[in-house]
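> here are the coordinates; sequence isn't available:
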């Protein structure tokens, strides 16, 4: 079971994560969310190591999973980061389910 499931919340989809990231960036940049392109490089939005650390903490809090700043910086775009985070969450979820079945 994932941390989100133990709280009664399913693992967010890549689209849910993407929307969350767009909202976060638009608020930080003080721009309309429609002007944030999920396919654009994150560097376009000033995502440096400090900003990546802040975002990773917020993502960890929301997703209930450890997210490293390098996961954010290495992702390239919001879209690819969201997809990567969903894949990571689903893989961990499957591992936890398998381990629970073995217990």
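On my side now, so go ahead. In this text, all values refer to a predicted model and were calculated from it rather than measured experimentally.
> how about the longest helix along the chain: buried residues?
Criterion DSSP state H: the longest helix present in the chain is helix 78-102. For helix 78-102, the neighbour count (16 or more other CB atoms under 10 Å) marks 78-86, 88-89, 93 as buried. C-beta: built from backbone N, CA, C; applies to glycine.
> Where is pLDDT lowest across the residues you listed?
Lowest-confidence member of the buried residues of helix 78-102: residue 93, scoring 78 (pLDDT).
> and that residue, how far is that from residue 20?
According to CB to CB, to the nearest Å, residue 93 stands 18 Å off from residue 20.
> what do you get for residue 83?
In terms of CB to CB, residue 83 sits 13 Å off from residue 20.
> now do residue 77
Between residue 77 and residue 20 the distance is 15 Å, computed by CB to CB.
> swap in residue 90?
According to CB to CB, residue 90 stands 17 Å off from residue 20.
> so where's the protein uncertain?
1-9, 103 (pLDDT under 70).
> Helix, strand, or coil at residue 11?
Put simply, residue 11 is coil when judged by DSSP: H, G, I helix; E, B strand; the rest coil.
> Residue 90 is in contact with that one, correct?
Yes. Under the criterion of CB atoms under 8 Å, residue 11 makes contact with residue 90 at 6.4 Å.
> so residue 38 makes contact with residue 79?
Yes. Applying CB under 8 Å, one finds residue 38 in contact with residue 79, separated by 4.3 Å.
> quick one: contacts of stretch 69-80?
14, 18, 21-22, 25, 36-42, 47, 49, 52-53, 55-56, 59, 81, 84-85, 88 (CB atoms under 8 Å, 6 or more residues apart in numbering).
> Also stretch 49-56?
By CB under 8 Å, 6+ apart, stretch 49-56 touches 21, 24, 28, 47, 67-73.
> Now tabulate those residues in a markdown table and tack on neighbour count.
Converted to a markdown table, the contacts of stretch 49-56 look like this (neighbours: other CB atoms under 10 Å):
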| residue | neighbour count |
| --- | --- |
| 21 | 25 |
| 24 | 18 |
| 28 | 15 |
| 47 | 21 |
| 67 | 22 |
| 68 | 13 |
| 69 | 18 |
| 70 | 12 |
| 71 | 17 |
| 72 | 24 |
| 73 | 19 |
